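*Asks:* I'd like to go over a predicted model; first the sequence, then the structure.
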Amino acid sequence: MNEFTMNDLMGLMPYAPIIAVVITVLLVMIAITIKRSHIVTGTITVVGLNIALFTLIGQMAGIITSGSELPIAEQLFVIDNFAQFNMVVILICALACCTLSYAYLADFKDNKDELYLLMLLSTTGALLMVCAQHMASFFMSLELLSVPLYGLLSYTYMRNRSLESGLKYLVLSATASATLLMGMAFIYAQVGSLAFKPISIMLVDVFESPLLILGAAMMMFGIAFKLSAAPFHMWTPDVYEGAPAPIATFLASVSKVAMMALAVRFLIDTSLLALPSVQMLLMVMATLSILAGNLLAVRQTSLKRLLGYSSIAHMGYVLIVIVSIGSAADSISSMYMAVYAFTSIGAFGVVTLMSSPYRLAGEADELTHYQGLFWRRPVLTAVMTIMMLSLAGIPLTAGFITKLFAILAAVQGANWFLAAMIILGSAIGLFYYLRVLLTLFKRPKQFIEFDVSGQWGIRTGGIMVIAVTAMIVFFGILPNTLIEWASLARIW
């Protein structure tokens, strides 16, 4: 009996980081029932995420035993190098969002604790998503990520835009989930399996089946919505604008990384990328995302909306990598999404530090709110400058390295049109990113609506933003470490 129990425990060891986050959820629940304390709840959350992160890094380095065995194709979840790399990114992003939330909610008079609870639940769903290799685990983990987001987006309910943001995401996300589920049903009806790997084996017999193509198309539509890829992108700027700033950060980082990792594993493991119809669909989505995202961002005066449209364009760049090099896209797409997530944390982090949850008119998301920021907060201006340059793909930032790899992937796949789209999109993006920078260095306004405290750099949110900025610069100047880590992120 004891031996059986030990075997069971060893079988759970690869999932130790996820279990640590789940235990943190339970501890936060118990802490809330005993006594509401913002500092206690926030501390438990951050400590739990740190334990999960260091456990995962220890397993990757071989310091902590992972008890890993050979993966089984039919099991619901698999912990491979690809999953571990993306889990590290997700846990770092979740930590950043929690620390930014602590600073954001410092003066919040209503209940603060439930935000951490919802964020931990959503993070658990994200961690499970990157490990999913079965249709059932695909859908369950996706919903575990999405459902807490409805509450998170509407958390500052005294602002109508926040409520509108949560409601829009609820209705449209439910529609996308239904479409995704119907696509799974069509594929299962044709292939007879819900596991990813067996689908690729059985795909040979039904390669051009209309039912299979319809199911694959419906699943791609659902995935495109969650990634905010065009033409299923219209919710993104509205939801970003209305969401509380730290939750917009969470949506732009944790949610996007998890969904892209799951999409890459699904497309590679099932071999659906071999279908010409799926390739054409991805090419169309990528092209539309780059054009729509960049061209619509040019007209924006709201920084959060601008970053929302920017995210649409960046999802297009990653889709080009996937369609160009197929089964080799796991490493490059993981590296691109990691850098994009960290850059988003830096940009939205500045918005979070400048914002208040109680301003009914909204947060510090208008470009005019940042006019002349350099003359008041030069270090914060440096953070935003580096983030904009990284998003634009300027050399000496990590964003340049990832965009270069995206172009090389398109060239390697002989997709010259898609390589040209990346270059064109980057040229358009440079215009509106530089417009943000120009605003930062303009003459200051007479009346300042939003500003950070003088001690922002030594507080938790400020420290996190500065650390992420240093990471972006370090990987931009010395990219070898990032490239080596990403090269290990391979699907088994």
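*Replies:* It's in.
*Asks:* what's the mean pLDDT across the helix or strand where Ala341 lies?
*Replies:* Under the criterion of DSSP states H and E, Ala341 resides in helix 329-354. Taken as a whole, helix 329-354 has a mean pLDDT of 91.
*Asks:* in the helix or strand that that helix is followed by, what counts as buried?
*Replies:* Downstream of helix 329-354, the first helix or strand assigned by DSSP H and E is helix 373-376. Applying a neighbour-count criterion of 16 or more other CB atoms under 10 Å, one finds Leu373, Phe374 buried in helix 373-376. No exception for glycine: its C-beta is placed from N, CA and C like everyone else's.
*Asks:* try stretch 200-214
*Replies:* Buried positions in stretch 200-214, judged by neighbour count with 16+ other CB under 10 Å: Ser200, Leu203, Val206, Ser209, Leu212, Ile213, Leu214.
*Asks:* including pLDDT, could those residues go into JSON lines?
*Replies:* Supplementary listing: the buried residues of stretch 200-214 in JSON lines, determined by pLDDT from 0 to 100:
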{"residue": "Ser200", "pLDDT": "81"}
{"residue": "Leu203", "pLDDT": "76"}
{"residue": "Val206", "pLDDT": "67"}
{"residue": "Ser209", "pLDDT": "79"}
{"residue": "Leu212", "pLDDT": "84"}
{"residue": "Ile213", "pLDDT": "85"}
{"residue": "Leu214", "pLDDT": "88"}
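*Asks:* reformat the residues you listed as TSV; add distance to Ala132 and secondary structure.
*Replies:* Output for the buried residues of stretch 200-214, formatted as TSV (distance: CB to CB, whole Å; DSSP: H, G, I helix; E, B strand; the rest coil):
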residue	distance to Ala132	secondary structure
Ser200	16	helix
Leu203	19	coil
Val206	23	coil
Ser209	24	coil
Leu212	20	helix
Ile213	23	helix
Leu214	22	helix
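*Asks:* just curious, which of these is nearest to Leu121?
*Replies:* The shortest gap between Leu121 and any of the buried residues of stretch 200-214 belongs to Ser200, at 32.1 Å (CB to CB).
*Asks:* list the contacts for that closest one?
*Replies:* Taking CB atoms under 8 Å, 6 or more residues apart in numbering as the definition of contact, the neighbours of Ser200 are Asp269, Thr270, Ser271.
*Asks:* just the buried ones from those residues?
*Replies:* Among the contacts of Ser200, those buried by neighbour count (16+ other CB under 10 Å) are Asp269, Thr270, Ser271.
*Asks:* now stretch 13-22, how far from the chain's geometric center?
*Replies:* Taking the mean of its C-alpha atoms, stretch 13-22 sits 20 Å from the chain's own mean (CA atoms, centre = their mean, to the nearest Å).
*Asks:* meant to ask about stretch 196-214
*Replies:* 29 Å.
*Asks:* do the same with stretch 269-286
*Replies:* Its chain's average C-alpha position is 22 Å from that of stretch 269-286, according to CA atoms, centre = their mean.
*Asks:* kindly report the same for stretch 79-90.
*Replies:* On the basis of CA atoms, centre = their mean, stretch 79-90 sits 13 Å off its chain's mean C-alpha point.
*Asks:* which residues are contacting that stretch?
*Replies:* Contacts to stretch 79-90, defined as CB under 8 Å, 6+ apart, come from residues 14-15, 17-18, 53, 56-57, 59-60, 66, 68, 71, 123, 126-127, 130-131, 254, 257-258, 261, 264-265, 330, 334, 337-338, 341, 485-486, 488-492.
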